[in-house]
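A.B. asks: can't give you the sequence, but here's the structure:
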């Protein structure tokens, strides 16, 4: 969910040698090309090319990067819908889902501090953005994820939990 | 989600003096009266009386139990939809949501061992039951919950985390 701290997971993964694929990059690139709002583009892209478009473009990216290395490690950041999970599961047999959770009050505070182009300070806008994510089905992804990491206390502790999960998966 | 271990949370809450309200009891009582399947009854009850019916019956139960004690502690077990959360939030200002998470593989194993009337051993049935819960909107409840407790390792550790959350909330 917005403001939960998924970016921290990506940072830890990178440190362990994972290659980072950000689903948001597909949308951000497209939004820049269209000169349109990121949130709107996320919805429109799916309307125009189907609900699988962002996942499919990520799979293409990974297949291009892989060349001949089948044991590469990839972290895909920003999965939102169960349809995307299905695609990745089909393509990559060892695919696992890690969800990051923070309580709404914590996420709102973080977003207020961050104020990126697609963030905002108002509580009503926070609710609207939450609903947008939930409409993609992100709740179902979290409910059926392989791991949930709670990001409430210290960043150091959060990073340690994430690192142990990723290291554990690297051994499989 | 089924098999995640929400019953353990109820047990800890009871030990701390919480009164337990099980949403499933409303459905189980109704299913017994109708001589019908529990899962079916859960859906039919909502079709007949609206999506708020189970939550409303729980609110009635609590109001009857309360009498004059406004500082009573209640744990409502088995919330499934965001509409139910809305109702409880409106009625009880200090209402908080605790979600319990276990990975699908763990939940399937537990359900196989448990085999209650509304559980089952087959993986396809597991998926059907998961989807039934997800269709109620349980994913959205988890995604926007105040706490998520992961139930994967030892029961003792799980209980300790739950206890500290409940004790923390009791002080507010």
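C.D. replies: Ah, there it is. Not measured: the values here are computed from a predicted model. Numbers count the residues shown, from 1 in each chain, chains lettered A, B, ... in the order given.

A.B. asks: Can you name the residue of chain A nearest chain B?
C.D. replies: residue A:139 (2.8 Å; CB to the nearest CB). C-betas here are computed from N, CA, C, even on glycine.

A.B. asks: Which residue comes closest to that residue once chain neighbours are left out?
C.D. replies: residue B:139 (2.8 Å; CB to CB, 6 or more residues apart in numbering or on different chains).

A.B. asks: which SS state does the one you found fall under?
C.D. replies: helix (DSSP: H, G, I helix; E, B strand; the rest coil).

A.B. asks: which bits of chain A sit near chain B?
C.D. replies: A:1, A:99, A:101, A:103-105, A:130, A:133-134, A:137-148, A:150 (CB under 8 Å from any CB of the partner chain).

A.B. asks: and residue A:125, how many neighbours?
C.D. replies: Per other CB atoms under 10 Å in any protein chain shown, the neighbour tally for residue A:125 reads 13.

A.B. asks: doesn't it fall inside a strand?
C.D. replies: No: Residue A:125 is assigned helix when assessed by three-state DSSP, not a strand.

A.B. asks: residues contacting the residue nearest to residue A:139?
C.D. replies: Each residue near residue B:139 by CB atoms under 8 Å, 6 or more residues apart in numbering or on different chains is listed here: A:134, A:137, A:138, A:139, A:140, A:141, A:142, A:143, A:144.

A.B. asks: Could you check how many residues crowd around residue A:141?
C.D. replies: 21.

A.B. asks: Would you mind confirming that residue A:34 makes contact with residue A:48?
C.D. replies: No: Residue A:34 is beyond contact range of residue A:48, at 10.6 Å (criterion: CB atoms under 8 Å).

A.B. asks: Neighbour count: the two, which is higher?
C.D. replies: residue A:34 (12 against 9).

A.B. asks: so what's the residue nearest to the more buried one when sequence neighbours are not counted up against?
C.D. replies: Once flanking residues are discounted, residue A:34 sits nearest to residue A:41: 6.1 Å by CB to CB, 6+ apart. By CB under 8 Å, 6+ apart, the contact set of residue A:41 is A:27, A:30, A:31, A:34.

A.B. asks: Please report how far the second one lies from residue A:10.
C.D. replies: Taken as CB to CB, to the nearest Å, the spacing of residue A:30 relative to residue A:10 amounts to 20 Å.

A.B. asks: cool, residue A:94 as well?
C.D. replies: According to CB to CB, residue A:94 stands 18 Å off from residue A:10.

A.B. asks: And those two? Which one has more around it.
C.D. replies: Taking other CB under 10 Å, residue A:94 and residue A:10 do not tie; residue A:10 has more neighbours (19 against 9).

A.B. asks: which residues in chain A form strands?
C.D. replies: Along chain A, counting by DSSP state E, strands occupy A:19-22, A:74-77, A:98-101, A:147-150.

A.B. asks: Run through the neighbouring helices and strands of the second one.
C.D. replies: Helices and strands touching strand A:74-77, as assessed by 3 or more CB pairs under 8 Å, 6 or more residues apart in numbering or on different chains; DSSP states H and E, comprise helix A:6-15, strand A:19-22, helix A:23-34, helix A:53-66.
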